[in-house]
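Trainee: For reference, the sequence and a predicted model appear below.
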Amino acid sequence: MRFSGIKPAVIICLVISAVYLTEQLWFEKISSHNYLPSFISGFGYAPAQSGANTDFLAMPERMVTGVGGGAYSIKYNGLQGSAAKTACDAVIDAALKNGSAGALTALDWPLILSRPGFLYQYAFNMPSDAFVLRFKQKNIALTSKIGSFTDIAVYPVDSSVSGVIFIDGAGRRAFGCQISDGQLAAQLSAALDSARRADSFLYISTSQGGSDNPGVNIFVPQSASPHSYAHLAISNPYSGPGGVLYKNIIPLIGIFFDKPSSQWANNPDNYTFSDGSNFVRYLPNDVLEYDNYSVPDTSADTAFADAYAAALAMIAADKTVANDYFLAAYDQSGASRVFSFDYAVDDFPILIPDTLASDIGLKHIIEVTVQNGRVVKYKKLAYNFNQSGKVSGANLQFRQVFESIAKQSGGGSGGITFDSVNIGYKAEKSNDIKLNWFIGVNNHMFVQGVD
């Protein structure tokens with residue numbers, strides 16, 4: 001997934017036309033209109049209810065495809081505009097507007113995954129009332145049954161009917177609806193057939209493998225033979241000949257100041273810049289941090305959709321971000337909403353191990369804090385990640401890893417429960433970054449190589 005750059009616009013356009021967010025994220029400094037709060041440092045939002053493009057509200061962390069035979073593929077990259085997501089969005093839209101609603105049922109992963117189809121997976125509880133804004137409606141049937149959800153299953157029922165299931169993983173509940181439309185069903189089936197033919201890593205589902213808990217599902221990579229993958233190398237946009245220097249940073253941080261020409265460095269040795277209310281620091285551990293101290297401290301809240309739009313606008317304006325990114329975590333504390341993003345390359349996430357997280361103060365590559373509709377903090381690991389040209393084979397025998405992690409955790413092979421299982425690249429300062437297992441056990445992340 002890639003959220004493209006923000007295009008400048010004149011104020012009158014914001015008054016009379018839609019504000020594009022995701023493919024065209026627009027923003028402008030407005031200081032005296034009662035329909036929008038003033039923008040500070042240019043990063044604010046247009047209310048999602050105003051008719052703006054809200055495609056971003058339906059964008060999942062990743063999409064899972066049932067390829068048959070109990071196997072699944074997972075995509076992080078290239079979701080926006082893909083045939084699969086376009087077909088799924090069309091079915092969801094029609095089902096919410098005109099579909100027949102079913103009952104709220106207990107979550108049964110084996111039953112859901114037994115149907116060939118697609119699965120949207122979110123890294124947090126997506127609010128139902130925010131999600132339906134993507135489709136310019138208020139679906140009472142959905143929002144009254146499930147306040148939030150973590151997954152959406154979209155599947156063809158037959159040649160003329162498609163089904164949608166909203167899954168509340170935390171509450172272990174599911175709410176389904178169906179839509180009778182032959183054209184939509186044909187488009188969904190065609191997208192499913194195409195996705196099945198794509199070459200990719202394959203995963204199996206713990207719920208399909210005889211799990212005694214039908215309310216829990218984890219996708220586990222599995223392959224009988226090594227699967228080739230590309231190694232990665234880092235690049236630092238703030239670095240040049242001689243390393244990270246004052247002169248390298250200056251041209252890239254103007255977006256954080258109302259008047260870039262007024263910025264000044266109050267400590268050039270530590271690369272700290274300020275105009276009195278906005279502060280930017282480039283830290284020795286290659287973390288860039290922006291703070292906006294001009295936002296009033298207030299308990300006034302901003303709707304999730306609007307705060308999310310402001311966070312995306314911030315990232316889109318930062319032209320040093322070169323990788324695809326996805327929303328990997330979300331948290332709210334009072335009026336502050338924190339959106340955390342990770343990068344993905346070749347359909348694998350780039351993840352920060354616990355050791356690096358404690359050093360840089362980040363659990364994810366980008367962290368954006370929105371308060372009162374404005375970005376008050378923006379913090380990121382400076383690196384971009386690209387293929388290095390080196391290729392290896394990944395050993396995806398999960399049982400071997402299971403036994404190794406069980407020994408490390410001291411639980412024994414039958415005494416531990418996995419919180420999460422992922423294959424991803426380890427974020428590190430290296431030009432030879434390999435794939436690793438990231439396995440969560442009792443709130444601790446174990447990292448182990450796949451080679």
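Mentor: Sure, I can see it.
Trainee: Spell out, range by range, the helices that occur in the chain.
Mentor: Assigned by DSSP state H, the helices in the chain fall at 11-16, 83-98, 109-113, 128-131, 140-145, 182-197, 246-249, 304-317, 354-360, 398-409.
Trainee: would TSV of these with mean neighbour count, mean pLDDT and distance to G169 be doable?
Mentor: The C-beta positions use only the backbone N, C-alpha and C, and glycine is treated the same way. Shown next, in TSV, are those (neighbours: other Cβ atoms under 10 Å; pLDDT from 0 to 100; distance: least, Cβ to Cβ, whole Å):
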stretch	mean neighbour count	mean pLDDT	distance to G169
helix 11-16	12	28	38
helix 83-98	20	94	18
helix 109-113	19	92	9
helix 128-131	20	91	14
helix 140-145	15	85	15
helix 182-197	17	94	23
helix 246-249	15	86	42
helix 304-317	25	93	18
helix 354-360	14	93	24
helix 398-409	15	78	21
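Trainee: Could you check the pLDDT of I218?
Mentor: I218 carries a pLDDT score of 88 in this model.
Trainee: Ok, N372 next?
Mentor: 86.
Trainee: so it makes contact with A335?
Mentor: Yes - N372 is within contact range of A335, at 6.2 Å (criterion: Cβ atoms under 8 Å).
Trainee: picking up where we left off before, F219: which of the helices of the chain is closest?
Mentor: Closest approach to F219 among the helices of the chain (Cβ to Cβ): helix 109-113, 9.6 Å.
Trainee: Not counting the closest one itself, show me its contacts.
Mentor: With contact meaning Cβ atoms under 8 Å, 6 or more residues apart in numbering, helix 109-113 is reached by 66, 72, 119, 153, 165, 167, 174, 205, 207-208, 211, 214-217.
Trainee: which regions of the stretch 101-250 of the chain lie under the pLDDT threshold?
Mentor: Within the stretch 101-250 of the chain, the stretches with pLDDT under 70 are 209-215, 224-225.
Trainee: same thing but at 90, please
Mentor: Under the criterion pLDDT under 90, the flagged ranges of the stretch 101-250 of the chain are 101-103, 133-145, 170-171, 196-202, 206-218, 220-228, 240-248, 250.
Trainee: returning to what we had before: so which of the contacts of helix 109-113 belong to strands?
Mentor: Under the assignment DSSP state E, the contacts of helix 109-113 contribute 66, 72, 119, 153, 165, 167, 174, 205 to strands.
Trainee: Could you dump those into a markdown table and include neighbour count?
Mentor: Compiled in a markdown table, the ones in strands among the contacts of helix 109-113 are given as follows (neighbours: other Cβ atoms under 10 Å):
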| residue | neighbour count |
| --- | --- |
| G66 | 24 |
| Y72 | 23 |
| L119 | 25 |
| A153 | 22 |
| I165 | 25 |
| I167 | 26 |
| A174 | 26 |
| S205 | 21 |
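Trainee: end-to-end on stretch 386-401?
Mentor: 27 Å (Cα to Cα, to the nearest Å).
Trainee: Phi and psi next, for Y238.
Mentor: As for Y238, its main-chain torsions (degrees, to the nearest 10) stand at phi -90, psi 0.
Trainee: so who does it touch?
Mentor: Residues in contact with Y238, defined by Cβ under 8 Å, 6+ apart, are 244, 248-249, 252, 282, 286, 288, 320, 382.
Trainee: What of F201?
Mentor: Each residue near F201 by Cβ under 8 Å, 6+ apart is listed here: 73-74, 221, 223, 227, 347, 394, 396, 423.
Trainee: please redo it, this time with the cut-off set to 7 Å
Mentor: 73, 221, 227, 423 (Cβ atoms under 7 Å, 6 or more residues apart in numbering).
Trainee: With D346 instead?
Mentor: 77, 229-230.
Trainee: who touches stretch 430-450?
Mentor: So stretch 430-450 is contacted by 229, 231-234, 348, 351, 353-354, 385, 388, 390, 392, 394-396, 401, 404-405, 408-409, 416, 418-426, 451 (Cβ under 7 Å, 6+ apart).
Trainee: Put the buried members of those into a PyMOL selection.
Mentor: Those of these that count as buried under 16 or more other Cβ atoms under 10 Å are selected in PyMOL with:
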select buried, resi 229+231+232+233+234+348+351+353+385+388+392+394+395+396+401+405+416+418+421+422+423+424+425+426
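Trainee: Select from the contacts of stretch 430-450 every entry located in strands.
Mentor: Per DSSP E, the contacts of stretch 430-450 map to strands at 229, 231-234, 348, 351, 385, 388, 390, 392, 394, 418-426.
Trainee: Give me the phi and psi angles of G276.
Mentor: Given degrees, to the nearest 10, the pair of backbone angles that G276 has is phi 110, psi -30.
Trainee: Can you tell me how far it is from Q400?
Mentor: 57 Å (Cβ to Cβ, to the nearest Å).
Trainee: Ramachandran angles for D108?
Mentor: In terms of degrees, to the nearest 10, the main-chain angles of D108 are phi -130, psi 90.
Trainee: What distance do you get for it to S100?
Mentor: 20 Å.
Trainee: Same drill for the two, tell me which one is more crowded.
Mentor: Between D108 and S100, counted using other Cβ atoms under 10 Å, D108 has the larger neighbour count: 15 against 12.
Trainee: Reformat the helices of the chain as CSV; add distance to V368.
Mentor: Converted to CSV, these look like this (distance: least, Cβ to Cβ, whole Å):
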stretch, distance to V368
helix 11-16, 21
helix 83-98, 23
helix 109-113, 32
helix 128-131, 17
helix 140-145, 26
helix 182-197, 31
helix 246-249, 20
helix 304-317, 4
helix 354-360, 16
helix 398-409, 32
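Trainee: For K377, find the nearest of these.
Mentor: helix 304-317 (9.9 Å).
Trainee: by contact count, what packs against that closest one?
Mentor: Helix 304-317 is packed against strand 336-345, strand 366-371, strand 374-381, with contacts defined by 3 or more Cβ pairs under 7 Å, 6 or more residues apart in numbering; DSSP states H and E.
Trainee: One more pass at 10 Å, please.
Mentor: strand 118-127, helix 128-131, strand 324-333, strand 336-345, strand 366-371, strand 374-381 (3 or more Cβ pairs under 10 Å, 6 or more residues apart in numbering; DSSP states H and E).
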